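Participant: Kindly return the folded structure for what I paste below:
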Amino acid sequence: MSKSIKYSIVVAVYNRPEEMEELLYSLNNQSYKNFELIIVDDGSQMSSRDVYNFYKKKFQISYFFIDNQGPAMARNFGVNKASGEWIIFFDSDCTIPRDYFLVVEKFLNENKIDFFGGPDMMDESFSYLQKSINYSMTSLFTTGGIRGGKKSIDKFLPRSFNMGIKTNAFKSVNGFSNIRQYGEDLDLSYKLLFSNKKSALIPDAKVYHKRRTNLFKFFSQMFKSGKGRRFLDEKYSGTFRIFHLFPSFFVLGFSLIIIFQFLTLDVFFILNIIYSIYFLTVFMHSSLLNSNPIIGFMSVLTTIAQFLGYGIGYLYGLFRN
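Facilitator: Reported below is the predicted structural model:
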C-alpha cells in the first residue's frame, strides 16, 4: 500500500518558466520527501511545460495548463487536484531552503493549528534592486518588521508566497475568493480566522522570495496591495488598523512638500526636516545591513515607491465610492 501524501504544494504560474526551474530545483533537493507538487499554468504565453517535463521523473509532480483566470482561481483549481492532508502555497518566484518541510513538520507535530505562514528572506544572488525591495518590505523602519517579525498564534495572516492550510479547512471556506487583485491571500486568511480556524507564524519556515525586477512593477504591486487592503477593511468588519493609513499620510505629506516647496512656512520646513531625517535613516540602516551604500541609496527609492504606491492605492480605494 502506497504511503499517503502529507503535503500538496500548489503553485500558480504565469510567464515565469526560468523562475519555475529554480523553484523545482529547490523542491527536488528537499530533505523531506513526502509531498507532491501541482503546477497550474495560468494561460501563460511562455509556459512552464518544459520545466515540468525535466523534473516529472525526479519527484511526484503534476502539470495543468488552464485559460487565464488569475492566481486565486488557478490555486483553487490546483487544490481540487491535490491529495495531501495539507496544502502548501508558494509563489513561482520563490526558492525553498532544503530543510523547510522538516521545520514545518516539527512545528505541526507540536502545535494544533489549521493554517500557517512563514517569512520570506533575501538570497545573496539577488540583484541590488531585489535586495533594496526586500529591505523596504521587511525593515523595522519601513513596515515595522511585521512581515514575519512577530511570533503569533491564532491571529497571524499568512500570504500566498509561503502559506500552509489543512485541506479540509481550505475547502470549508470554499478556498480563494474570485478577486483578481492583490489581497486574495489576505482575504483567505480572514475567511479562515472568521470561521474560528487557528493560525500561526512558523518563524523558521522561511523561503527566498525574489521580488519585482523594476521600480514600476514594484510601485504597481504596492498600488494593488493598498487598494486591496482598503477592499478588505470594508469587507471584514473590525479589521481596520490605524497603521493601514500610514502610507497615505506619507503620500499627503510628500505631496505638500512638493507643491509648497518654495514657500517659507514653518510647517513645510518641519516636514522637510522630518522626511530628510527619515530617508537618511533608511539609507544608513540599509547600507550597513547590506554592507553596500548603493543598496542603501536604492532602498530610499524603493521605500518611496512602496509608500507612494500603497498610499495612493489605499486612497483610491477609500474615495472610489
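Participant: use CA for all of it now, contacts and neighbours both
Facilitator: Will do.
Participant: From start to finish, how long is stretch 121-137 in a straight line?
Facilitator: Terminal residues of stretch 121-137 lie 10 Å apart, using C-alpha to C-alpha, to the nearest Å.
Participant: quick one: average pLDDT of that stretch?
Facilitator: Over the span of stretch 121-137, the pLDDT mean works out to 89.
Participant: Same check on stretch 213-224?
Facilitator: Average pLDDT, stretch 213-224: 89.
Participant: Okay, buried residues for that stretch please.
Facilitator: If you call a residue buried by 16 or more other C-alpha atoms under 10 Å, then stretch 213-224 has these buried ones: 215, 218, 219, 220, 221, 222, 223, 224.
Participant: same thing with stretch 198-207?
Facilitator: For stretch 198-207, by 16+ other C-alpha under 10 Å, it's 198, 199, 200, 201, 202, 203, 205, 206, 207.
Participant: Could you find the closest non-adjacent residue to the fourth one?
Facilitator: Closest residue to residue 201 in three dimensions, ignoring its sequence neighbours and counting by C-alpha to C-alpha, 6 or more residues apart in numbering: residue 117, at 5.1 Å.
Participant: pretty sure the one you found is touching residue 158, no?
Facilitator: Yes - contact criterion C-alpha atoms under 8 Å: residue 117 and residue 158 qualify, at 4.4 Å.
Participant: what about the residue lying closest to residue 245 once chain neighbours are set aside, distance to residue 225?
Facilitator: Excluding its sequence neighbours, the residue lying closest to residue 245 (C-alpha to C-alpha, 6+ apart) is residue 311, at 7.4 Å. Computed as C-alpha to C-alpha, the residue 311 to residue 225 distance reads 9 Å.
Participant: In terms of neighbours, single out the busier of the two.
Facilitator: Legend: neighbour count by other C-alpha atoms under 10 Å for residue 311 and residue 225, higher for residue 311 (26 against 22).
Participant: To which secondary structure element type does the more buried one belong?
Facilitator: Here residue 311 is helix, with the state taken from DSSP: H, G, I helix; E, B strand; the rest coil.
Participant: ok so, going back, which one among the buried residues of stretch 213-224 gets closest to residue 304?
Facilitator: Of all the buried residues of stretch 213-224, the one with the least separation from residue 304 (C-alpha to C-alpha) is residue 219, at 9.1 Å.
Participant: any idea whether the closest one is helix, strand or coil?
Facilitator: When classified by three-state DSSP, residue 219 comes out as helix.
Participant: Next up, the contacts around it.
Facilitator: Shown in contact with residue 219 (C-alpha atoms under 8 Å, 6 or more residues apart in numbering): 305, 306, 308, 309, 310.
Participant: Could you verify my assumption that the fourth one touches residue 227?
Facilitator: No - between residue 309 and residue 227 there is no contact, the gap being 9.4 Å when judged by C-alpha under 8 Å.
Participant: quick one: the helices in the stretch 151-300 of the chain?
Facilitator: Assigned helices in the stretch 151-300 of the chain, in chain order: 167-172, 184-194, 215-235, 246-259, 266-290, 293-319 (criterion: DSSP state H, counting those that start in this stretch).
Participant: picking up where we left off before, let's have the buried residues of stretch 213-224 in JSON lines, adding distance to residue 125.
Facilitator: JSON lines is the format used below for those (distance: C-alpha to C-alpha, whole Å):
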{"residue": "215", "distance to residue 125": "19"}
{"residue": "218", "distance to residue 125": "19"}
{"residue": "219", "distance to residue 125": "23"}
{"residue": "220", "distance to residue 125": "24"}
{"residue": "221", "distance to residue 125": "22"}
{"residue": "222", "distance to residue 125": "24"}
{"residue": "223", "distance to residue 125": "27"}
{"residue": "224", "distance to residue 125": "27"}
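Participant: Dump the C-alpha coordinates for the least confident helix or strand in the chain by mean pLDDT into CSV.
Facilitator: For the chain, using mean pLDDT, DSSP states H and E, the weakest element among its helices and strands is helix 246-259, scoring a mean of 82. Taking Å, rounded to 0.1, in the frame of the first residue of the first chain, the C-alpha atoms of helix 246-259 are listed here in CSV:
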residue,chain,number,x,y,z
PHE,A,246,0.4,55.5,7.4
PRO,A,247,1.5,55.2,3.7
SER,A,248,-1.4,57.5,2.8
PHE,A,249,-0.2,60.1,5.4
PHE,A,250,3.2,59.7,3.8
VAL,A,251,1.7,60.5,0.4
LEU,A,252,-0.1,63.6,1.7
GLY,A,253,3.0,64.9,3.4
PHE,A,254,5.2,64.2,0.4
SER,A,255,2.7,66.0,-1.9
LEU,A,256,2.6,69.0,0.4
ILE,A,257,6.4,69.3,0.3
ILE,A,258,6.5,69.1,-3.5
ILE,A,259,3.6,71.6,-4.0
